[in-house]
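Visitor: okay, predicted coordinates and the sequence, questions at the end:
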Protein chains: 2
Amino acid sequence: MSSTLENALRPADAEAGADQRVTDVIRDAIIRGEYVPNQRLVEADLSAAFSASRATVRTALLELAGEGLVERLPNRGSRVRAISVDEAIEILEVRIGVEGLCAAKTAASLTDEDAEAFGRLRAAMIESVAEGDLVEYARLNRYLDVRVRELSNHATASDVLARLHAQSVRHQFKLSSRPQRAKVSVWEHAAIIDAVVARDPDAAEQAVRSHLLSVIDALRDISSSESGPPAAP
Amino acid sequence: MSSTLENALRPADAEAGADQRVTDVIRDAIIRGEYVPNQRLVEADLSAAFSASRATVRTALLELAGEGLVERLPNRGSRVRAISVDEAIEILEVRIGVEGLCAAKTAASLTDEDAEAFGRLRAAMIESVAEGDLVEYARLNRYLDVRVRELSNHATASDVLARLHAQSVRHQFKLSSRPQRAKVSVWEHAAIIDAVVARDPDAAEQAVRSHLLSVIDALRDISSSESGPPAAP
DNA sequence: GCTCCTAAGATTGTAGACAAAATGGTGGCC
DNA sequence: GGCCACCATTTTGTCTACAATCTTAGGAGC
């Protein structure tokens, strides 16, 4: 994930049009942080960078605006949408309800195979944290999220969550890279898995709620310590 | 993202460019039911109908696709997205969490003036149902929704709700036009107002949940009676 | 020296034309 | 008579050029 060049050199997907390719490349660049928040995205520049026409780039920007990743000011161009900590907290608050719903649905209709898979995932998460492998932990973390969404079989909720998640990856990243944070959250994740595996929808919803409330607290802590305490002797 | 969605609730701005106007006109047509679900939206036709260029229409369709009102199949055009009853129920399930959050936030920070306004709204709703004025009741209903969203001061939740609401207006309409349904739901709405006015966030969240669960039940009933019972002697 | 006006530059919005893809129908072939 | 390939039509995707709009810099007037 080093540079745009890598993407530029990657062979074009045969099935997707140039439109989709450009959209994906820009989206990746935003999510990876290559395009920083509030950075202006000038259509002509992108057009030159990807050697696509301005119309194609424009379409891509429109789509990304629909996903909430790009902000479009009429007659004044597009920029990478900046998600403040307050907004990130808002997103987490919304996720409480929606992910809670997914977890409950998943718990209500879990197959034995999936239950076992979750058991293995639980063990793997605990192990990765014990070994201090935060990258692997983050990966399993995402996998848990995605898997719960999939198994909930709830297209609307998945959609809403995908959108919200894409917007807040950067803040997620800030948290997941802290070892002491992982040691707390891993048990919250274990609790979610336990409730789901126990086929207890209410417990699953509550476990998700507790976890996300804890994430909100952690985010508040970090942001207040980042911006610095009002006065330090 | 918020700018487009907020415009959905607002009458068309005169100052906005042709782009925005065309988007608004098409959106209204879809929401009003002038363009029926699954109807194809051919760019050239719309372009002629609104005497705008195809590029403008294309932009509008892209935006509406982002709002979930239009479905775009690659190389095969756009159509009005059809929301099945199952999807409408999914949307209501998601709304439980998000509107619950809004109600709780509103309850937590309600001013005395707003509390009084809610009291008057409560009385007006009950009166309109008693008089059998379903149109007025539907209007007050929407107003309650919008007001709770506004006062919650939660941009993310408002955004998500605006999107979900726009998609399911047609199903909402089916319900709200039934007198016997109104007689039940008016007390659920009263309960929501009571909890909010009492500044009790948990009660407000629960009242919203009860109400939406009841709406889901009603929707299930209607759809099953519409499609006809499996066997009738 | 400051403010307001004007004009040039940069950037987005709109238009029309061409290219590519998918659909639907027609004819030939088995 | 049914099935497959092919071609015409329709519709979207892409491109280039032009118009409208916003921003910024420079200068005249007070």
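Guide: All right, it came through fine. This one's a predicted model, so the numbers in the text were calculated from it and none came from an experiment.
Visitor: with only the CA atoms kept, save stretch A:33-42 in PDB.
Guide: Output for stretch A:33-42, consisting of C-alpha atoms alone and laid out as PDB, is shown next (Å, rounded to 0.1, in the frame of the first residue of the first chain):
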ATOM      1  CA  GLY A  33      -5.100   8.200   4.100                       C
ATOM      2  CA  GLU A  34      -3.100   9.100   1.000                       C
ATOM      3  CA  TYR A  35      -5.600  11.800   0.400                       C
ATOM      4  CA  VAL A  36      -5.800  13.600   3.700                       C
ATOM      5  CA  PRO A  37      -9.000  15.100   5.100                       C
ATOM      6  CA  ASN A  38     -10.000  18.400   3.600                       C
ATOM      7  CA  GLN A  39      -7.600  17.900   0.700                       C
ATOM      8  CA  ARG A  40      -9.100  19.400  -2.400                       C
ATOM      9  CA  LEU A  41      -9.800  17.000  -5.200                       C
ATOM     10  CA  VAL A  42      -9.600  18.900  -8.400                       C
END
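Visitor: that stretch and DNA strand C, any residue contact?
Guide: Yes - residues of stretch A:33-42 are located near DNA strand C by Cβ under 7 Å from any atom of the strand, namely A:40-42. The way it works is simple: take the backbone N, C-alpha and C, and place the C-beta from them, glycine included.
Visitor: quick check: which element contains the spatially most central residue of chain A?
Guide: Against the mean C-alpha coordinate of chain A, by Cα atoms, centre = their mean, the closest residue is A:H165 at 3.4 Å. With secondary structure defined by DSSP states H and E, A:H165 is part of helix A:155-167.
Visitor: all strands for chain A, in order.
Guide: A:40-41, A:70-73, A:77-80 (DSSP state E).
Visitor: could you point out the longest helix in chain A?
Guide: Ranked by residue count, the top helix of chain A under DSSP state H comes out as helix A:201-226.
Visitor: now for that helix, which elements pack on it?
Guide: Helices and strands in packing contact with helix A:201-226 are listed as helix A:85-108, helix A:169-176, helix A:179-197; criterion 3 or more Cβ pairs under 8 Å, 6 or more residues apart in numbering or on different chains; DSSP states H and E.
Visitor: leaving out chain neighbours, which residue sits closest to A:I193?
Guide: By the measure of Cβ to Cβ, 6 or more residues apart in numbering or on different chains, the closest residue to A:I193 outside its immediate chain neighbours is A:R122, 4.6 Å from it.
Visitor: how far away is the one you found from A:S176?
Guide: A:R122 sits at a distance of 18 Å from A:S176 (criterion: Cβ to Cβ, to the nearest Å).
Visitor: who is the residue in chain A positioned nearest to DNA strand C paired with across the strands?
Guide: The nearest approach of chain A to DNA strand C comes at A:G77, 3.1 Å away (Cβ to the nearest atom of the strand). Going by DSSP bridges, A:G77 is paired in beta bridges with A:L73.
Visitor: per-residue pLDDT, it?
Guide: The model reports A:G77 with a pLDDT of 92.
Visitor: how near is it to B:E205?
Guide: Here the criterion is Cβ to Cβ. By it, A:G77 lies 40 Å from B:E205.
Visitor: in terms of neighbours, single out the busier of those two.
Guide: Counted by other Cβ atoms under 10 Å in any protein chain shown, A:G77 and B:E205 do not tie: B:E205 has more neighbours, with 23 against 13.
Visitor: how near is the more buried one to A:H189?
Guide: Remark: distance between B:E205 and A:H189 (Cβ to Cβ) = 25 Å.
Visitor: repeat that for A:I83.
Guide: Here the criterion is Cβ to Cβ. By it, A:I83 lies 23 Å from A:H189.
Visitor: show me the contacts for the nearest residue to A:I126 once chain neighbours are set aside.
Guide: When the adjacent residues along the chain are set aside, A:I126 lies closest to A:V186, with 5.9 Å between them (Cβ to Cβ, 6+ apart). When contacts are counted by Cβ atoms under 8 Å, 6 or more residues apart in numbering or on different chains, A:V186 touches A:125-126, A:129, A:137.
Visitor: same question for A:I222.
Guide: Contacts were defined as Cβ under 8 Å, 6+ apart; by that measure A:I222 touches A:174-175, A:178.
Visitor: give me the subset of the residues you listed that also touch chain B.
Guide: Restricting the contacts of A:I222 to those within reach of chain B (Cβ under 8 Å from any Cβ of the partner chain) leaves nothing.
Visitor: closest to DNA strand D out of those residues?
Guide: Of all the contacts of A:I222, the one sitting nearest DNA strand D is A:K174; the distance, using Cβ to the nearest atom of the strand, is 30.7 Å.
Visitor: per-residue confidence for that closest one?
Guide: What the model reports as pLDDT for A:K174 is 80.
Visitor: nearest residue to it in space, please, no chain neighbours.
Guide: With Cβ to Cβ, 6+ apart, the residue lying closest to A:K174 is A:I222, at 6.4 Å.
Visitor: next: A:E71.
Guide: With sequence-adjacent residues excluded and distances taken as Cβ to Cβ, 6+ apart, A:E71 is closest to A:R81, at 4.3 Å.
Visitor: tell me the angle the helix holding A:H165 makes with helix B:155-167.
Guide: Using axes from the mean of the first three to the mean of the last three Cα atoms, to 10 degrees, the interaxial angle of helix A:155-167 with respect to helix B:155-167 works out to 150 degrees.
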